[in-house]
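S.K.: I would like to see how this sequence folds:
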Amino acid sequence: MEQRVSIVTGGAGGIGGAISRALGARGDHVVLNDLDPAAADATASGIRAEGGTCTVITGDITDDETVAAVTTAAAGISGTIDVLVNNVGDFRPASRDLAHSTPEQWQRLYEVNLRHVIAMTYAVLPHLGPGSAIVNVSTVEAYRGIPASAPYSAFKAGVSAFTKSMAVELGPRGVRVNAIAPDLTDTAQTSSAAMLRGRDEELVPLWLPLGRFAEAEDHAGVVDFLTSDAARFVTGHTIPVDGGTLAASGWFRRHDGKGWTNMPDRP
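M.R.: Model (predicted):
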C-alpha cells in the first residue's frame with residue numbers, strides 16, 4: 001500500500017502535536033507546519049525515532065507564502081495529498097467584551113481561525129483524490145455562547161459551516177470533510193492550572209460528565225478515525241470531543257453526589 005501524505009498545521013505541540021504523532025505512527029508521511037522551529041523539529045524527531053517519516057515546513061500558516069510552501073512540499077512527495085488537518089486556531093487576542101475589542105483584533109482572529117482554513121483547503125484541492133480526507137478543528141464554543149470571545153466563536157462556527165459545505169462540494173470526488181470541536185484540553189496553550197485558576201481540582205468531576213479535562217491524545221484519536229477507512233461513509237460533521245459538556249448543556253453534578261443541578265455547585 002502506498003504511503004499516505006498528511007498535512008498537519010500547527011502540528012508541533014498540543015493537539016496538533018498529538019495528531020502529528022498519531023498519523024506518523026500509523027505510517028503516514030507527515031508534513032508538519034508550525035511557527036516554532038524548535039518544537040517542530042522536536043516533534044518530527046520523535047516521529048522519526050518511532051520509525052515514521054516527517055517533513056517540517058516552518059512558518060505562519062496565515063501567510064499565503066507558507067500555505068504555498070506546505071502544499072508544494074506535500075504534493076512533491078507522491079503527487080497526491082491524502083489528509084489535510086487544519087488544526088491552527090487561537091482565542092487570542094481576546095478582550096473583556098466586544099465593546100473593548102478592536103477591528104485589528106477581529107482581523108487577526110479571522111486570519112488565525114477561519115481564513116487559513118479556507119486558504120489551505122483551496123491550495124490542496126488540485127492534489128486531492130478519491131479517499132482523501134480533510135479534518136478542520138472547530139470548538140464547542142461554536143455551539144454555545146462565550147463571553148469575551150464573540151468574534152472567535154463566530155469564526156469557529158464558520159469553520160463548521162465551511163466543513164459542511166465542502167463535504168457536499170467534494171463528495172462527488174470521493175473526498176470527505178469533517179471537523180472536531182474540542183473543549184477544555186490540558187495543553188501548553190490552555191493548561192489545567194490556568195483553567196482551574198486556583199480552584200480545587202477535585203471539583204472537575206462536578207463540571208464535566210466524564211470527570212476530567214481532555215488530553216491532546218483524545219482529539220488525535222478522533223482525527224485518526226475520521227481520516228481512516230473506518231470513517232469512509234462519514235462526512236460533513238463536526239464531532240464534539242468534549243467529555244459530554246455540550247450534552248450536559250449547563251448541568252453540573254451536585255457536590256453531595258445526589259443528582260445534578262443547573263446552578264454551579266459549591267462545597
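
S.K.: could you use CA atoms for every contact and neighbour count after this?
M.R.: OK.

S.K.: show me where the chain has strands.
M.R.: With DSSP state E as the criterion, the chain has strands at 5-9, 29-34, 53-58, 83-86, 133-137, 176-182, 238-241, 252-253, 260-261.

S.K.: with mean neighbour count added, can I get those in CSV?
M.R.: Rendered in CSV, the data for the strands of the chain read as follows (neighbours: other CA atoms under 10 Å):
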stretch, mean neighbour count
strand 5-9, 28
strand 29-34, 27
strand 53-58, 21
strand 83-86, 27
strand 133-137, 26
strand 176-182, 26
strand 238-241, 21
strand 252-253, 22
strand 260-261, 15
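
S.K.: make TSV out of those and add distance to Val222 and mean pLDDT.
M.R.: Compiled in TSV, the strands of the chain are given as follows (distance: least, CA to CA, whole Å; pLDDT from 0 to 100):
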stretch	distance to Val222	mean pLDDT
strand 5-9	14	98
strand 29-34	17	98
strand 53-58	21	98
strand 83-86	12	98
strand 133-137	10	98
strand 176-182	8	97
strand 238-241	8	96
strand 252-253	25	73
strand 260-261	29	72
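
S.K.: ok, and the closest non-adjacent residue to Asp218?
M.R.: What sits nearest to Asp218 in space, not counting adjacent residues and going by CA to CA, 6 or more residues apart in numbering, is Val241, at 7.5 Å.

S.K.: how far away is the one you found from Ser138?
M.R.: Between Val241 and Ser138 the distance is 10 Å, computed by CA to CA, to the nearest Å.

S.K.: now the common contact residues for those two.
M.R.: In terms of CA atoms under 8 Å, 6 or more residues apart in numbering, Val241 and Ser138 are both contacted by the residues 180-182.
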